[in-house]
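[1] What shape does this take:
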Amino acid sequence: MPAGYEDHVAELEAGIGEFGFRSMSASLVKGGRDSFEYYSEVWRTSEGEAKLRGRTPVSLDRDRILYSDEFRRQDEKYHVLFIGGSRLARNYTTHALRAAHVARSVANRLKLNSELVEAIVLGSKVGGVPFVHRGKRIVADWVKAQIKAQDSHDTDKAKRPRQGELLKAVPSGSGLPLVPPDWVDQIESDDLRRKVDAYLPWARGWSNAPAYSTGQESYWALTTNPFLHRSKESAYLAQTMYGVWRHSLGDPEVVPSAFEHSISLSDEPQTIRQEHGTHEAMLARYCDDITWVLENLSEASRVAALEGEQTAHQRLGRNYGHEFEESVKAALVDDNTGKLYTYFIDDLVRTSQRNMTEATPGTVSEVEPVVTLSKRGALTLTLMKQFLESDIFSRERILSRNLTLDGIIVNALEVLYKPYKEVGYRLIERHSRLEGWNAPDLVATAKSGLDDPVRRVQTTVDLLMGMSDRDVFELVGLE
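    Here you go, the predicted model:
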């Protein structure tokens with residue numbers, strides 16, 4: 001390993017503290033190779049040195065994500081809020097950039113690797129399907145339904161005990177393999193199970209894991225050419241992709257006992273597992289959640305103001321004010337989103353710094369995370385989420401729109417899945433031209449993958465992910 005690049009990266013990361021992630025510990029998703037070994041070969045050439053000068057393996061991930069086609073496609077996917085006759089819409093690029101800015105700010109104050117947390121946040125939404133929050137629920141259910149239907153028609157059944165049940169019966173540390181999610185564990189056909197293993201990205205160790213999630217699809221889109229079932233030429237870090245897959249805070253009471261994703265592609269296997277977790281990945285979860293909540297509250301307040309109503313901030317303060325600290329109450333009275341960001345950022349920094357004085361560097365726990373909100377801060381965030389669900393997202397016009405979108409998304413999936421030779425072939429040809437792999441043999445290989453009904457399930461999700469909201473309307477025949 002040439003000392004030049006190692007010393008160069010060490011100098012660039014000199015400001016990272018003892019709890020921060022350093023590129024020296026990085027590994028690649030593709031083949032599990034050491035990242036410095038990989039980049040040292042690039043550094044040996046004058047062209048490679050020019051490319052790597054001033055950049056770490058982590059910042060390379062961040063830059064690739066920022067300039068990827070997948071990130072650009074977020075511009076055309078929208079979150080819409082209605083109150084009365086007024087509406088506001090924002091695209092998901094806006095959300096990702098704001099969440100990344102918050103994450104970078106907190107990481108700098110905690111002396112974590114700000115480039116890693118930024119890469120994770122920027123990459124975490126690129127796998128979103130159109131109408132993201134409605135779409136992800138429908139897509140996950142649709143995937144499970146397709147697999148269940150195929151299993152019910154398959155005559156090659158194996159009546160074997162579920163791995164989840166086996167795990168309950170065997171003492172921990174016995175060497176039993178990590179259990180798959182319930183929807184995979186329930187597959188009875190051995191042939192179908194092998195195909196699901198081969199063609200669908202899912203993680204072991206988490207029984208209630210969905211069949212589709214934004215982070216899961218983001219990982220898949222960034223690291224692979226899903227239509228050719230091959231790794232992309234650019235190799236991402238396992239630490240970045242673990243954070244991308246696991247970017248959602250979710251239910252704090254539901255923490256997987258372990259996590260591992262491994263899939264064998266046509267060139268090299270890809271693997272991410274629990275050991276690739278970082279404090280930066282934990283930070284990304286909080287920053288994503290905080291940004292989502294505060295931006296929704298801000299936009300709901302703006303739409304209410306257009307209608308002459310009391311703002312969402314003021315209604316939130318009226319409903320839950322007795323639970324909030326004085327600084328939060330004051331920010332709600334003033335409709336000041338900036339002060340709310342300051343409250344959560346300061347709480348996150350203060351709590352994490354206190355935890356760092358008592359924790360051991362190098363140890364990352366999801367059960368007792370070092371980087372976390374205080375109990376009061378976490379309660380405040382939870383109450384804000386509850387308010388959004390009960391007061392904003394439950395409005396009749398939004399509920400009506402959601403029901404309409406649910407039907408549109410299902411129709412789009414069916415159009416992509418069933419008449420695939422008409423629609424799927426055409427969209428694969430379009431992707432091949434846009435992404436520069438349009439050699440006839442490669443396009444033929446990608447099309448042939450659609451002939452297998454299991455692989456077509458995942459390819460349908462991949463095709464939908466590459467579409468904009470408007471594309472979906474056009475696909476199902478709506479203006």
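
[2] remind me which residues of the stretch 51-200 of the chain are low pLDDT?
    Under the criterion pLDDT under 70, the flagged ranges of the stretch 51-200 of the chain are 154-177.

[3] As a check, name the ranges of all strands in it.
    78-83, 86-91 (DSSP state E, counting those that start in this stretch).

[4] Columns mean neighbour count and distance to Glu389 on top of these, output as a markdown table?
    Heads up, the C-betas are built off the backbone N, CA and C, glycines and all. Formatted as a markdown table, those follow (neighbours: other CB atoms under 10 Å; distance: least, CB to CB, whole Å):
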| stretch | mean neighbour count | distance to Glu389 |
| --- | --- | --- |
| strand 78-83 | 19 | 13 |
| strand 86-91 | 15 | 18 |
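
[5] right, and those strands - which one's nearest Asp451?
    Closest of the strands of the stretch 51-200 of the chain to Asp451 is strand 78-83, at 34.2 Å (criterion: CB to CB).

[6] If you count contacts, what does that closest one end up packed against?
    Counting contacts by 3 or more CB pairs under 8 Å, 6 or more residues apart in numbering; DSSP states H and E, strand 78-83 packs against strand 86-91, helix 92-110, helix 279-306, helix 396-417.

[7] Next, give phi and psi for Thr372.
    phi -160, psi 160 (degrees, to the nearest 10).

[8] Nearest spatial neighbour of it, chain-adjacent residues omitted?
    What sits nearest to Thr372 in space, not counting adjacent residues and going by CB to CB, 6 or more residues apart in numbering, is Thr351, at 5.9 Å.

[9] List the contacts of that neighbour.
    Contacts here follow CB atoms under 8 Å, 6 or more residues apart in numbering; on that basis Thr351 touches 372-374, 377.

[10] go again using 10 Å as the cut-off
    By CB atoms under 10 Å, 6 or more residues apart in numbering, the residues touching Thr351 are 369-378.

[11] Spit out the contact partners of the closest residue to Ile398 other than its chain neighbours.
    Excluding the flanking residues, the one nearest Ile398 by CB to CB, 6+ apart is Phe82, at 5.4 Å. Residues near Phe82 by CB under 10 Å, 6+ apart: 88-89, 300, 303, 307, 392, 395-401.

[12] how about the residues you listed in JSON lines, adding distance to Trp142?
    Output for the contacts of Phe82, formatted as JSON lines (distance: CB to CB, whole Å):
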{"residue": "Leu88", "distance to Trp142": "29"}
{"residue": "Ala89", "distance to Trp142": "25"}
{"residue": "Ala300", "distance to Trp142": "29"}
{"residue": "Val303", "distance to Trp142": "31"}
{"residue": "Glu307", "distance to Trp142": "36"}
{"residue": "Ile392", "distance to Trp142": "27"}
{"residue": "Arg395", "distance to Trp142": "26"}
{"residue": "Glu396", "distance to Trp142": "26"}
{"residue": "Arg397", "distance to Trp142": "25"}
{"residue": "Ile398", "distance to Trp142": "22"}
{"residue": "Leu399", "distance to Trp142": "21"}
{"residue": "Ser400", "distance to Trp142": "21"}
{"residue": "Arg401", "distance to Trp142": "19"}
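
[13] what's the closest of those residues to Asp75?
    When those are compared for distance to Asp75 (CB to CB), Ala89 wins out at 12.0 Å.

[14] pretty sure Ser189 contacts Gln150?
    Yes. With contact defined as CB atoms under 10 Å, Ser189 reaches Gln150; the gap is 7.7 Å.

[15] Low-confidence stretches in the stretch 201-350 of the chain?
    251-257.

[16] how about the helices of it, start to end?
    214-223, 238-245, 279-306, 312-320, 326-333, 337-356 (DSSP state H, counting those that start in this stretch).

[17] Right, I'll leave it there.
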